[in-house]
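>>> missing the sequence, but the structure's below:
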């Protein structure tokens, strides 16, 4: 009519959008609203947020900067997917969604996957020709277990989608309010990934009578495409090949990461059509080239090691290179290399003095010193101190029973045990039963280091001297000590 300069002659509408809005308000009341809310609350109870591995930390607020990554499935794969959907008596949408679920499970390591999908919400005949905004967002939750077969996953997703469509009339904002979702300005509520499939069939095959000219745009051309979600996968099925677009937040992802996601998605879809009875966990999601990179290239960490140097000499060199760099972090406590060096020097002098007092002679190489401590900064200080003093340490876990501790102390004949204040009373009782009780030094008490110099301590420890002794579990008899230089 516009081209012919004629007045449009359109059929009269049965209802207006205002009529629909009034009907929706009246409909979402009482039992109907309770049933809808009940379904979605049960469906989303205890859901997990999807933790996608990102290239950058999430910004405090969504900035909506996005980009589109375009791709297409080849004709053979597209045809095979359509055929598989028919064999499983489901839709292509459900099959592609199942592949996307499996892809996200592979990338995140999660089995509980929640994503969103748009719904046209025009299931009433009168709304088909009506102009107005009917679209609603539906959260779709599926369980992707490694031992689930492809066919079983597709069946599960088919049921999830069917039930979501049945209960699609509850507006998304009402659902968010009912679930009392804590609002976070850095992400979309409930889900951060969107999935959709559109199919125009042959309706747009002949557009010659429209007053528009087609414009071909390459994926490299700069077209503003805001990202409302972390990721949005949109697939189109209107040609021989299925085409796709992944819209992603550039504040979170690099293009290379999205390319890997697309490659994983395509490999999983190809595996679906190859054998829909295989389990999800058996599908190879990395290429042969990536497997070589992961298993060989990235693990090729061999480097020359100066065999003539001891651990304490290497540590001293590191202290000299970066004295103020953080060397140790434990439960909010931090020590620089210099602090770790100085405190271990003090402790080395303290334990040498305690050994001299106990035994009556200076500490010699290969002398065994017990370490009865929890994981803590003091444990690392003690290891360095023993090595700097010229001895070898014997780790003894506080979780060991008294009989095992007693055996280790007797077998090593250690005369000095570095421990923590909380274990002094226990060890005093246990070591009191020995012929020659070991001296106990609580390294976490301030007075343990008081009065001792922080300067470097001359060491008599060589590369061939003993560094530590580790004991076997003793499941086949008495524990045996393994001597390690």
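Yep, it's here. Since we're looking at a predicted model, the values are computed, not measured.

>>> CA atoms for contacts and neighbours, from now on please.
Will do.

>>> Need the single longest helix in this structure, by residues.
Secondary structure assigned by DSSP state H gives helix 337-359 as the longest helix of the chain.

>>> Quick one: mean pLDDT over that one.
Mean per-residue pLDDT for helix 337-359: 92.

>>> what element comes up after it heading to the C-terminus?
Next helix or strand after helix 337-359 toward the C-terminus (DSSP states H and E): strand 368-372.

>>> Quickly run through the sheet partners of that next one, with directions.
Here strand 368-372 has these sheet partners by DSSP bridges: strand 392-395 (parallel), strand 416-419 (parallel).

>>> Check residue 206 and give its pLDDT.
53.

>>> ok, now the one 10 residues further on?
We note a pLDDT of 69 for residue 216 in this prediction.

>>> Buried residues, stretch 377-397. List them.
By 16 or more other CA atoms under 10 Å, the buried positions in stretch 377-397 come out as 377-379, 381-396.

>>> Correction: the previous question concerned stretch 144-156.
Using 16+ other CA under 10 Å as the burial criterion, the residues of stretch 144-156 that qualify are 144-146, 148-156.

>>> which residues touch it?
Stretch 144-156 is contacted from outside by 88, 94-95, 98, 101-102, 105, 110-113, 142, 272, 275-282, using CA atoms under 8 Å, 6 or more residues apart in numbering.

>>> Just the residues you listed: which are in strands?
Among those, DSSP state E puts 112-113, 142 in strands.

>>> roughly how far out does the host helix or strand of residue 177 sit from the chain middle?
Here residue 177, judged by DSSP H and E, is contained in helix 172-179. Taking the mean of its C-alpha atoms, helix 172-179 sits 27 Å from the chain's own mean (CA atoms, centre = their mean, to the nearest Å).

>>> Kindly report the same for stretch 226-240.
Its chain's C-alpha centre and that of stretch 226-240 lie 24 Å apart, by CA atoms, centre = their mean.

>>> for the stretch 101-250 of the chain, which spans come out with low pLDDT?
The model of the stretch 101-250 of the chain has pLDDT under 70 over residues 200-212, 214-224.

>>> quick one: the helices in it?
Ranges of helices within the stretch 101-250 of the chain are 150-166, 172-179, based on DSSP state H, counting those that start in this stretch.

>>> With distance to residue 226 as new columns, can those helices be given to me in JSON lines?
What follows is the helices of the stretch 101-250 of the chain, written out as JSON lines (distance: least, CA to CA, whole Å):
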{"stretch": "helix 150-166", "distance to residue 226": "27"}
{"stretch": "helix 172-179", "distance to residue 226": "21"}
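
>>> closest to residue 252 out of the ones you listed?
Closest to residue 252 of these is helix 172-179 (CA to CA; 24.5 Å).

>>> So for residue 256, which of the helices of the stretch 101-250 of the chain sits nearest?
Residue 256 sits nearest to helix 150-166 of all the helices of the stretch 101-250 of the chain, at 27.7 Å, using CA to CA.

>>> returning to what we had before: which of the buried residues of stretch 377-397 fall in helices?
377-379, 381-389.

>>> deepest of the helices of the stretch 101-250 of the chain, which one?
Highest mean neighbour count among the helices of the stretch 101-250 of the chain (mean count of other CA atoms under 10 Å): helix 150-166, with a mean of 19.

>>> Tell me the gap between that one and the middle of its chain.
Worked out by CA atoms, centre = their mean, helix 150-166 lies 26 Å from the chain centre.

>>> quick one: residue 130 and residue 13 touch, right?
Yes - here residue 130 reaches residue 13: they are 7.4 Å apart, a contact under CA atoms under 8 Å.

>>> between those two, which one's more packed in?
The neighbour count for residue 130 versus residue 13, taken as other CA atoms under 10 Å, is higher for residue 130 (16 against 11).

>>> if I pick the more buried one, what's in contact with it?
Contacts for residue 130 (CA under 8 Å, 6+ apart) come out as 13, 15-17.

>>> Ok, residue 32 next?
Counting by CA under 8 Å, 6+ apart, there are no residues that residue 32 touches.

>>> Can you tell me the element it falls in?
Assigned by DSSP H and E, residue 32 falls in helix 30-43.

>>> Could you point out the helix or strand that follows that helix?
Using DSSP H and E, the next helix or strand after helix 30-43 towards the C-terminus is strand 66-72.

>>> Show me which positions of that following strand end up buried.
Neighbour-count burial for strand 66-72 [16+ other CA under 10 Å]: 66-71.

>>> contacting residues around it?
Contacts for strand 66-72 (CA under 8 Å, 6+ apart): 219, 224-227, 241-251, 255, 258-259.

>>> Please convert the buried members of those into PyMOL selection syntax.
Of these, the buried ones go into a single PyMOL selection, burial set by 16+ other CA under 10 Å:
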select buried, resi 226+227+241+242+243+244+245+246+247+248+249+250+251+258
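
>>> Filter the contacts of strand 66-72 down to just the ones in strands.
Judged by DSSP E, the contacts of strand 66-72 include 243-249 as members of strands.
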